[in-house]
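Student: Give me a model of this one.
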Amino acid sequence: MDVKPSWWYASIGVVFALSGVGLFAFFLVTGIVHLTDSLTQVVVPGHVDLTLTQPGTYTIFLEKNSVVNGRIYSTSESVNGLECVINAQGSNEQSIPIQPSRGTISYSVNQRSGRSVWQFVLTKSGRYGFSCGYPEGVRGPELVVAVGTGVGRSIGVTVVRSLVAMFSGFGLCGIVIAVLYFLRARSKERLSM
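Tutor: Alright, predicted model coming up:
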């Protein structure tokens, strides 16, 4: 007599495991591809008006390699002396303090690579003027900086979502195999009586 259920039911567990691996890859790739979507690129020396929609900490990234409007920017030169300024637009044009970045966040995606160098904190949303350049008499390379918030959080969410998907798939696979093993063991006991 056959022991039931058949080990073929373990294929359901394999489907769960493969689904977990597939979702892991999907979440990881889509998260990485869209990692820099929230960043505004500024060719330096230059100026841009930003509409920043949420209070919080914003990071300024120095992009070593970048593409802006189809033009490739790449630099390995020193950028000593590079200064950035952000001002609230309005009647008083108040300047927002810029500080060195507390942690280091790096990315390399979509022909862009950058690392965090500065940060500033906004207490309210609004329109801001952002400019970067070199002091008078100092020459430096033309390059790209990117301004935005949430890159570190996006990296964390991508990693967690990917790992949860993979471990869930393997966990469900393990449950299916454990249940199958238990049912087969009970079936063997009944057949041996």
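
Student: From the contact counts, what lies against the one helix or strand S113 maps to?
Tutor: Element membership for S113 (DSSP states H and E) is strand 112-122. Under the contact definition 3 or more CB pairs under 8 Å, 6 or more residues apart in numbering; DSSP states H and E, strand 112-122 sits against strand 56-68, strand 95-96, strand 99-100, strand 106-109. C-beta here means a position set from N, CA and C on the backbone, and glycine is covered the same way.

Student: residues near the closest residue in space to E63 that isn't next to it in sequence, how many?
Tutor: With CB to CB, 6 or more residues apart in numbering as the criterion, E63 has its nearest non-adjacent residue at 4.0 Å, and that residue is G114. When neighbours are counted by other CB atoms under 10 Å, G114 registers 25.

Student: thinking G114 is in contact with A146, fair?
Tutor: Yes: counting by CB atoms under 8 Å, A146 is a contact partner of G114 at 5.9 Å.

Student: Need the residues touching each of these two.
Tutor: T36, F61, E63, S66 (CB atoms under 8 Å, 6 or more residues apart in numbering).

Student: Out of the helices and strands packed on strand 112-122, which is closest to I12?
Tutor: Between I12 and these, the tightest spacing by CB to CB is seen for strand 106-109, at 36.1 Å.

Student: who's in contact with that closest one?
Tutor: By CB under 8 Å, 6+ apart, strand 106-109 touches I32, V33, L35, T36, F61, S113, G114, R115, S116, V151, I155.
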